[in-house]
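**Q** fold the following, please.
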Amino acid sequence: MPSSRPAALIVEDQPFVGMVASDILRESGFDTFHAYDPADAAEVLEQHPEIEVLVTDAELQGERGGLELAHRVARQRPDVQLVVTAAGKELTPSEMPKGARSLRKPYASGELRTIVAAKSLLADA
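**A** A predicted model of the protein is given here:
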């Protein structure tokens, strides 16, 4: 039986960081799914159309694969809220898909909660 809770996909190649993000989102009322690279993420998104939020590391395994994933999801699933995390540098708006939010690592749990909650606030406006 499908869950009535919103769902989120965390794409992170560092397992501990992914677990922390998952814990934050579960505490915020989300069911969570995990992927470690863009190919796995595409498969999870295809299998779970209920996913409403994608949180991805911009630089998966040292490349820009997560940022490319965010752009692809923005084109294919514009209903999905995008949060792109990055360590070391701030992502510029020109690098991001339209409507995506960036979050610099390490981030506090409240920062991720606030960004994800912003989607429901905008939808209610």
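
**Q** helix/strand/coil for Leu32?
**A** Careful, residue 32 is Thr; it's not Leu. Following DSSP: H, G, I helix; E, B strand; the rest coil, we place Thr32 in the strand state.

**Q** contact partners for it?
**A** Contact partners of Thr32, counting by C-beta atoms under 8 Å, 6 or more residues apart in numbering, are Ala7, Ala8, Leu9, Ile10, Ser22, Leu25, Arg26. Bear in mind the C-beta positions are built from the backbone N, C-alpha and C, glycine included.

**Q** nearest spatial neighbour of the second one, skipping sequence neighbours?
**A** Closest residue in space to Ala8, ignoring its immediate chain neighbours: Val53 at 3.9 Å, by C-beta to C-beta, 6 or more residues apart in numbering.

**Q** what separation is there between the spatially closest residue to Lys105 that is not a sequence neighbour and Gln76?
**A** Nearest residue to Lys105 in three dimensions, chain neighbours excluded: Ala87, at 4.1 Å (C-beta to C-beta, 6+ apart). In this view, Ala87 and Gln76 are 26 Å apart by C-beta to C-beta, to the nearest Å.
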